[in-house]
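*Asks:* Any chance you can model this:
(one chain, ligands or ions: 1)
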Amino acid sequence: MVDMDTLVSLCKRRGFIFQSSEIYGGFGSAWDYGPLGVELKRNIKNVWWRDLVQNREDIVGLDASILMSPRVWIASGHVEKFTDPLVDCKSCKRRFKADQVGDRCPECDGELTEARQFNTMFKTFVGPVEDEASVAYLRPETAQGIFVNFLNVQSATRRKLPFGIAQIGKAFRNEITPGNFTFRTREFEQMELEYFVKPGTDEEWFDYWLEERLSWYKRYGIREGNLHLREHGPEELSHYSKRTCDIEYNFPFGWSELEGIANRTDFDLHRHAEFSGKDMTYFDEETGERIYPYVIEPSGGIDRAALAFLVDAHHEEEVRGRKRVLLRLHHDLAPVKVAVLPLLRNRPEIVALAKEIARDLRPHFVVMYDDTASIGRLYRRQDEIGTPYCVTVDVQSLEDRAVTVRERDSMEQVRPPIAELKEMLLDKLAS
Ligand code: ATP
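*Replies:* Take a look at the predicted model:
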């Protein structure tokens with residue numbers, strides 16, 4: 001498996017991920033996604049949205065605002081309970097999460113203070129006056145935007161249970177110990193589904209979503225042996241949860257959470273009904289009763305998913321005595337689908353034909369044209385960023401109007417006529 005230093009360096013060199021504010025020395029575990037990283041992330045979000053929202057009848061989407069009434073976070077329990085136990089080192093003054101250290105400071109072996117609770121929500125002020133009445137929070141999860149819109153969505157869409165509301169968006173947590181590259185940051189993106197079900201059917205739906213989400217990661221290329229489930233013990237469960245199971249990935253720094261599936265019961269709807277005074281129940285036409293639906297929540301981080309896809313795709317092999325590094329990314333996730341490369345960059349007719357081919361393919365998929373190195377280097381660059389197909393234009397192409405298409409993983413080459421290239425690539429990329 002690739003080590004983190006190698007991956008971080010590839011990400012920077014090739015334009016996947018840069019350190020935030022790097023010219024100022026970086027900023028507290030914040031990261032910027034470069035030209036390839038932003039495509040990878042968009043692709044992850046797109047396949048999630050396609051699979052969960054667009055290809056299903058029972059789930060609709062939502063895009064709620066990040067800033068919400070502070071009462072939301074009182075009702076949800078976050079103001080009171082969204083805390084981590086924190087300890088300070090009396091000598092070097094560093095801070096740690098109490099559950100991640102032993103009795104002494106891991107940096108200098110100094111004595112640690114007693115643990116105290118630290119709320120990890122970011123606080124800010126809305127408007128010009130910085131007083132208690134204007135406090136607002138940056139949302140620590142996207143889920144609450146869904147719960148407070150439950151009635152709006154249900155009455156606008158006339159959905160019957162079971163149905164889900166899905167949302168993708170930024171969340172913020174003032175993590176005490178961010179780290180491991182993009183794994184734990186203070187600003188991150190979540191993809192969350194709140195699936196509302198009849199009470200009594202929640203345990204079955206929990207199992208359904210656990211299986212569904214696990215197979216989703218496998219479908220997009222994560223190897224089975226690098227995924228496992230970890231059940232939360234009773235002492236670890238969040239205040240709203242009846243059962244939680246994490247999908248963990250075998251990261252280079254150890255097994256860690258990729259996505260959590262929680263049975264949030266009817267906790268959130270109940271609490272919002274209580275705090276807002278609004279009726280948050282659902283009318284069950286079959287029984288004629290008003291009920292609070294139960295909620296199953298698969299909640300994943302896009303940054304963690306991107307990291308896992310990169311780690312899992314990274315592969316090194318030896319080809320004719322030389323090291324070849326490649327990202328075996330799923331076609332749907334690869335940032336660039338097709339690279340068009342002229343074999344000789346000093347032959348204007350070849351360059352012109354290659355550019356023409358790139359232009360014709362561009363409306364159909366993300367294409368990169370590159371003529372800044374020899375063909376061997378150009379192939380290596382594309383392998384390293386996971387481009388599934390390279391199209392090479394050579395001298396013969398000028399006469400026979402055919403090009404060489406090289407597949408990333410097998411390095412097999414075929415030579416289709418240019419007239420059939422687009423159809424062939426569309427076909428291959430869809431498989
Ligand atoms: P952890 O135990 O790692 O702190 P969590 O259990 O607090 O995570 P959840 O509240 O279940 O996380 O959030 C759902 C998902 O959001 C996580 O599975 C993860 O993918 C993502 N996520 C949570 N916190 C962060 C973070 N600080 N940086 C990046 N992604 C995060």
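*Asks:* Would you mind naming the residues that bridge with residue 167?
*Replies:* residue 62, residue 192 (DSSP bridges).
*Asks:* can you tell me how far it sits from residue 414?
*Replies:* Residue 167 is 43 Å from residue 414, where distance means C-beta to C-beta, to the nearest Å. Glycine gets a C-beta too; all of them are placed from N, C-alpha and C.
*Asks:* tell me which element the closest residue to residue 188 other than its chain neighbours falls in.
*Replies:* Leaving out its chain neighbours, the residue that sits closest to residue 188 by C-beta to C-beta, 6 or more residues apart in numbering is residue 303, at 4.9 Å. In this structure, residue 303 sits in helix 302-313 according to DSSP states H and E.
*Asks:* next helix or strand past that helix?
*Replies:* In N-to-C order, the element after helix 302-313 by DSSP H and E is strand 314-319.
*Asks:* What strands flank that next one, and is each parallel or antiparallel?
*Replies:* strand 322-327 (antiparallel).
*Asks:* Which residues are in contact with residue 255?
*Replies:* Residues near residue 255 by C-beta atoms under 8 Å, 6 or more residues apart in numbering: 228, 230, 248, 249.
*Asks:* pretty sure the first one contacts residue 248?
*Replies:* Yes. Here residue 228 reaches residue 248: they are 5.5 Å apart, a contact under C-beta atoms under 8 Å.
*Asks:* More neighbours: the two, which one.
*Replies:* Neighbour tally, residue 228 and residue 248, criterion other C-beta atoms under 10 Å: the higher count belongs to residue 248, 19 against 13.
*Asks:* what residues are up against the residue in the chain that the ligand sits nearest to?
*Replies:* As assessed by C-beta to the nearest ligand atom, the ligand sits closest to residue 301 within the chain, at 2.5 Å. The contact partners of residue 301, by C-beta under 8 Å, 6+ apart, come to 188, 189, 190, 191, 258, 259.
*Asks:* what's near enough to touch the fifth one?
*Replies:* Residue 258 is in contact with 217, 227, 246, 247, 248, 249, 300, 301, 304, 305, 308, counting by C-beta under 8 Å, 6+ apart.
*Asks:* Report how many residues lie close to the residue nearest to residue 188.
*Replies:* The burial count for residue 303: 23, using other C-beta under 10 Å.
*Asks:* Any idea what the residue of the chain closest to the ligand is bridged to?
*Replies:* Taking DSSP bridges as the rule, residue 301 bridges to residue 190.
*Asks:* For it, give its distance to residue 412.
*Replies:* 36 Å.
*Asks:* Please apply the same query to residue 141.
*Replies:* Counting by C-beta to C-beta, the gap from residue 141 to residue 412 is 45 Å.
*Asks:* Could you check which of the two has the larger neighbour count?
*Replies:* residue 141 (19 against 9).
*Asks:* Where does that one sit: helix, strand or coil?
*Replies:* Reduced to three states with DSSP: H, G, I helix; E, B strand; the rest coil, the structure at residue 141 is coil.
*Asks:* who's the closest residue in space to it that isn't next to it in sequence bridged to?
*Replies:* Distances taken as C-beta to C-beta, 6+ apart place residue 171 nearest to residue 141, at 5.5 Å, with adjacent residues excluded. Per DSSP bridges, the residues bridged to residue 171 are residue 188.
*Asks:* so who does the spatially most central residue of the chain touch?
*Replies:* Note on the chain: the residue nearest the mean C-alpha position is residue 302, at 1.1 Å, using C-alpha atoms, centre = their mean. Contacts here follow C-beta under 8 Å, 6+ apart; on that basis residue 302 touches 41, 44, 45, 168, 188, 189, 190, 191.
*Asks:* Spell out the residue ranges of the helices in the chain.
*Replies:* Secondary structure of the chain (DSSP state H): helices at 4-14, 35-49, 70-75, 78-81, 143-148, 150-157, 202-219, 267-276, 302-313, 348-361, 375-385, 395-400, 418-430.
*Asks:* which stretch among those helices comes nearest residue 114?
*Replies:* Nearest to residue 114, of all the helices of the chain, is helix 78-81, at 19.5 Å by C-beta to C-beta.
*Asks:* any idea of the mean pLDDT for that closest one?
*Replies:* Computed over helix 78-81, the mean pLDDT rounds to 93.
*Asks:* what helices or strands is that helix leaning on?
*Replies:* helix 70-75 (3 or more C-beta pairs under 8 Å, 6 or more residues apart in numbering; DSSP states H and E).
*Asks:* Need the residues that contact the helix it packs on.
*Replies:* 79-80, 82, 121, 135-137, 144, 148, 271-272, 274-276.
*Asks:* Please repeat the previous calculation with a cut-off of 10 Å.
*Replies:* For helix 70-75, contacts defined as C-beta atoms under 10 Å, 6 or more residues apart in numbering pick out 69, 78-80, 82, 119, 121, 123, 126, 132-137, 139-140, 144-145, 147-148, 268, 270-276.
*Asks:* Around residue 397, count how many other residues there are.
*Replies:* A total of 23 residues lie near residue 397 under the criterion other C-beta under 10 Å.
*Asks:* ok, now how distant is it from residue 360?
*Replies:* 14 Å.
*Asks:* Identify the residue nearest residue 253 in space, chain neighbours excluded?
*Replies:* residue 180 (5.1 Å).
*Asks:* Equivalent analysis for residue 76, please.
*Replies:* Ranked by C-beta to C-beta, 6+ apart and with sequence neighbours excluded, the top spatial neighbour of residue 76 is residue 144, at 5.3 Å.
*Asks:* The one you found and residue 78 touch, don't they?
*Replies:* Yes. Using C-beta atoms under 10 Å, residue 144 is in contact with residue 78, at 7.9 Å.
*Asks:* and the stretch 101-250 of the chain, which of its residues are near the ligand?
*Replies:* Taking C-beta under 6 Å from any ligand atom as the criterion, the stretch 101-250 of the chain approaches the ligand at residues 173, 175, 184, 185, 188, 190.
*Asks:* So what pairs up with the third one in the strands?
*Replies:* Taking DSSP bridges, one obtains residue 179 as the residues bridged to residue 184.
*Asks:* Could you report the neighbour count for it?
*Replies:* What residue 184 shows, counting by other C-beta under 10 Å, is a neighbour count of 19.
*Asks:* same check, this time on the fifth one
*Replies:* Neighbour count of residue 188, defined by other C-beta under 10 Å: 20.
*Asks:* what sits against it?
*Replies:* Contacts of residue 188 (C-beta under 10 Å, 6+ apart): 30-31, 170-173, 175, 178, 182, 301-304.
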